[in-house]
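> Quick one, structure for this:
(one chain, ligands or ions: 3)
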Amino acid sequence: MNQKIQMLQAELRILEKKYQQLGKEVEISNDALRQRTLELERQKNIMKHQALHDVLTGLPNRTLLIERAQQSFQIARRENACCCLLMIDLNRFKEVNDTLGYYKGDLFLKEVAQRFRLQLRSSDTLARLGGDKFIVGLPYTNATQAKEVIKKLLRTLASPLTILNKQHAVQISASMGVAVFPEDADHVEDLIQCAEVAMYVAKKDKKTAVFYQSDMKRDSEARLSLVGDLKYAIEQGGLELYYQPQLLTKGDGLPSFEALVRWNHPTRGLVFPDMFIPMAEETGLINPMTWWILEEASAQCAAWREAGMQVCVSVNLSARNLKEESFVRRVRQCFERYQLPPEAIVLEITESMLMDDPQQAAEVLHSIDAMRVEVSIDDFGTGYSSLSYLKHLKVDELKIDRSFVMGMHNNENDIVIVRAIINLAHSLGLRVVAEGAEDQGDWDVLDNLNCDRVQGYFVSRPMPVQQATDWLKTWISDKIKP
Ligand code: C2E
Ligand code: MG
Ligand code: MG
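Numbering: from 1, shown residues only. Ligands and ions are numbered 1, 2, ... in the order given. Down below sits the predicted model:
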């Protein structure tokens, strides 16, 4: 009996040991399980954060903004309150990237994000939509309060942004569009679109901030389809150059021409440049368009010269063209292709475009001058350039803006300005062209003031190429008549 008990006790001890062992193993695996769950949780949180935030700035992204805006719209609906969405796009950020490189461009964006963040309440959502585009969700905010937020955000950009231990200080501005819930739209996605449309209007009109209005969307849709049409026209030959002569006031020298672009729109008919050039500039289409214009004008100039008429043709450029890295090289190639001497094509750039980025313009003008190609400052008198600045620019001609010339009839001041510009240009050794001379009276005044060349309806309106060729031939044959 005793033996039996001893055996049972021994078995019990073995069982107890096994049980203890098992307990330990369970504890170990429980621990591992707990740790694994924690790790999974952590990874899930990281992934959730990544899905809802912008990697560069750490700000909420579009998805999180929509989620939060939906919540605040719900509350606002119940409480009859307003919310605002504010779309922000930095102006000329591409230039920062192009000049400083992407790494510094990224630092720059982080700095902007940080500055904005500091101006907002914790209940506001500042999100980055990508590139240099941000959006702010402002719960419990009406239009008047949104204006205050805009002021604060603009103020924060007023001092230059410094990056990399103040190695680079850059001044930046922004265009903002605001849409108000529930006035403008009552779904988040729609309201974002309204804010974006308003932001583009601000950009186009060079304003800092614009509030959405219902007719803007119709305009922007029409504009969008026009941009598509323009792109097609550039690629498929839907543009045409008209030529307007410039006559010398003194001597028998041949006239020259200014090439002016026209767009033959399939349904709208002939569209004038004042309508589509600003659009081409905003969308970047001005670059391919100018290359087409330069090519076409050079080919035409070469054709006239081959036919024995040694005329020069002026071509209008945009500030954006000067920013193209390959600009000077491509101009040179164009001259080579058509075997044109440097004086055959004059490049016109408006005074206000020169003043847009004077330093860069000066560099490009220097390279153009090295090719001995002539440059004219167009619409002179409207761009606020200082005279001392003008002295340092490599230019050959000033074109007096037509508003002064057309005003000479009934505004004595305009005659004074025209005279001053002519004298100034001559004292700097520059040629002067007056545009917008519409009658004999204008011609006589300009001739008396010693203006070198005159362009305007009095001489001729801009003409399609065949008509311009006929006009030129008639002018030459009239000259050689006894
Ligand atoms: P702009 O370069 O100053 O061109 C002169 C404008 O004045 C032309 O208008 C011409 O038709 C107009 N004009 C000439 N004489 C008279 C006149 O006696 N009276 C009046 N009322 N107007 C006169 P257009 O062709 O409509 O061009 C307007 C502007 O569009 C141009 O001003 C230029 O800034 C831009 N543009 C035209 N063609 C081109 C182009 O090929 N490339 C670029 N980038 N811009 C162009
Ligand atoms: Mg011009
Ligand atoms: Mg002009």
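> List the contacts of stretch 54-62.
Residues from elsewhere that reach stretch 54-62, judged by C-beta atoms under 8 Å, 6 or more residues apart in numbering: 52-53, 68, 106, 109-110, 113, 117, 125-130, 134-135. The C-beta positions use only the backbone N, C-alpha and C, and glycine is treated the same way.
> what do you get if the cut-off is 7 Å, keeping everything else the same?
Here stretch 54-62 makes contact (C-beta atoms under 7 Å, 6 or more residues apart in numbering) with L52, H53, D106, L109, K110, A113, T125, L126, A127, R128, L129.
> can you check stretch 119-129 too?
54, 57, 59-62, 64-65, 68, 113, 116-117, 134-139, 152-153, 156.
> Can you flag which of the residues you listed belong to strands?
Cross-referencing the contacts of stretch 119-129 against strands under DSSP state E gives F134, I135, V136, G137, L138.
> now that we have those, which one has the most neighbours?
G137 (30 neighbours; other C-beta atoms under 10 Å).
> Name the nearest residue to that residue, ignoring sequence neighbours.
Spatial nearest neighbour of G137, excluding adjacent residues (C-beta to C-beta, 6 or more residues apart in numbering): T125 at 4.0 Å.
> repeat for P288
Nearest non-adjacent residue to P288 (C-beta to C-beta, 6+ apart): I234, at 5.3 Å.
> what does D357 give?
D357 sits nearest to A319 (C-beta to C-beta, 6+ apart), 6.9 Å away.
> and what of L365?
K394 (4.6 Å).
> what's around that neighbour, how many residues?
14.
> Report pLDDT for the residue of the stretch 201-350 of the chain found nearest ligand 3.
The stretch 201-350 of the chain approaches ligand 3 most closely through T350 (7.0 Å), counting by C-beta to the ion. Model confidence at T350, given as pLDDT, is 89.
> Kindly state the beta-bridge partners for it.
Using DSSP bridges, the bridge partners assigned to T350 are D378.
> Quick check: which ranges of this structure have low pLDDT?
164-167, 383-388, 482 (pLDDT under 70).
> helix or strand for the residue positioned nearest the centre of it, which one?
In the chain, the C-alpha nearest the mean C-alpha coordinate belongs to E282, at 4.8 Å (C-alpha atoms, centre = their mean). Under the criterion of DSSP states H and E, E282 resides in helix 273-283.
> what's the angle between the helix or strand just after that helix and helix 273-283?
On the C-terminal side of helix 273-283, the closest following helix or strand by DSSP H and E is helix 286-306. Interaxial angle of helix 286-306 relative to helix 273-283 (axes from the mean of the first three to the mean of the last three C-alpha atoms, to 10 degrees): 130 degrees.
> which outside residues touch helix 286-306?
By C-beta under 7 Å, 6+ apart, helix 286-306 touches 234, 239, 241, 259, 261, 280, 311, 313, 315, 317-318, 320-321, 324, 330, 334, 338-340, 344-345, 465.
> Verify the stated contact: the residue of the stretch 201-350 of the chain closest to ligand 3 with F380.
No: with contact defined as C-beta atoms under 7 Å, T350 does not count as touching F380 (8.5 Å).
> how about the nearest residue to the residue in the stretch 51-200 of the chain that ligand 3 sits nearest to, chain neighbours excluded?
Nearest residue of the stretch 51-200 of the chain to ligand 3: R92, at 24.4 Å (C-beta to the ion). In space, and not counting its chain neighbours, R92 is closest to I172: 7.4 Å by C-beta to C-beta, 6+ apart.
> try E189
Per C-beta to C-beta, 6+ apart, closest to E189 is I66, 7.2 Å.
> Likewise for L64?
Among residues not flanking L64 along the chain, L52 sits closest, at 4.0 Å (C-beta to C-beta, 6+ apart).
> Count the neighbours of the one you found for me.
16.
> got a list of what it touches?
L52 touches P60, N61, T63, L64, counting by C-beta under 7 Å, 6+ apart.
> residues contacting the last one?
Contacts of L64 were listed using C-beta under 7 Å, 6+ apart, and they are L52, H53, A127.
> And the nearest residue to the last one once chain neighbours are set aside, how far from T267?
Nearest-residue entry for A127: L65, 3.9 Å, with adjacent residues in sequence omitted and distances by C-beta to C-beta, 6+ apart. L65 sits 39 Å away from T267 when distances are taken as C-beta to C-beta, to the nearest Å.
> swap in L424?
46 Å.
> neighbour count winner among these two?
Neighbours were counted for L424 and for T267 using other C-beta under 10 Å; L424 has more, 15 against 5.
> so where do the helices sit in the stretch 351-482 of the chain?
351-356, 358-370, 387-392, 402-407, 412-427, 440-448, 465-480 (DSSP state H, counting those that start in this stretch).
> counting contacts, what elements does the first one pack onto?
Using 3 or more C-beta pairs under 7 Å, 6 or more residues apart in numbering; DSSP states H and E as the contact criterion, the elements in contact with helix 351-356 are strand 374-380.
> so N264 is in which element?
strand 256-265.
> does any part of the helix or strand following that strand sit near ligand 1?
Once the chain leaves strand 256-265, the next helix or strand it forms, by DSSP H and E, is strand 269-271. No: using C-beta under 6 Å from any ligand atom, strand 269-271 never reaches ligand 1; the gap is at least 10.1 Å.
> Check stretch 229-237 too.
No: if you take C-beta under 6 Å from any ligand atom as the test, stretch 229-237 misses ligand 1, and the best it gets is 11.7 Å.
> who's in contact with that stretch?
G238, L239, W263, H265, F276, M279, A280, L285, P288, M289, W292.
> Please repeat the previous calculation with a cut-off of 10 Å.
Under the contact criterion C-beta atoms under 10 Å, 6 or more residues apart in numbering, stretch 229-237 has outside partners 238-240, 263-268, 271, 276, 279-280, 283, 285-293, 296.
> circling back to that earlier point, tell me the angle of the strand holding N264 relative to helix 273-283?
Strand 256-265 and helix 273-283 are oriented at 80 degrees to each other (the same axes, to 10 degrees).
> just the buried members of the contacts of stretch 119-129?
Buried by 16 or more other C-beta atoms under 10 Å: 54, 57, 59-62, 64-65, 68, 113, 116-117, 134-139, 153, 156, out of the contacts of stretch 119-129.
> Out of those residues, which sit inside helices?
In this view, these that belong to helices under DSSP state H are R62, L64, L65, R68, A113, F116, R117, L153, T156.
> just to revisit the earlier point, which residue of T350 and F380 possesses the greater neighbour count?
Applying other C-beta under 10 Å to T350 and F380 shows that F380 carries more neighbours, namely 27 against 21.
> need the contact list for the closest residue to that one other than its chain neighbours.
Distance criterion C-beta to C-beta, 6+ apart; nearest residue to F380, sequence neighbours excluded, is L398 at 4.6 Å. Neighbouring residues of L398 by C-beta under 10 Å, 6+ apart: 351, 376-381, 390, 421-422, 424-426, 428, 430-434, 452.
> Of these, which ones also sit close to ligand 1?
With C-beta under 6 Å from any ligand atom as the criterion, these include D378, D379 near ligand 1.
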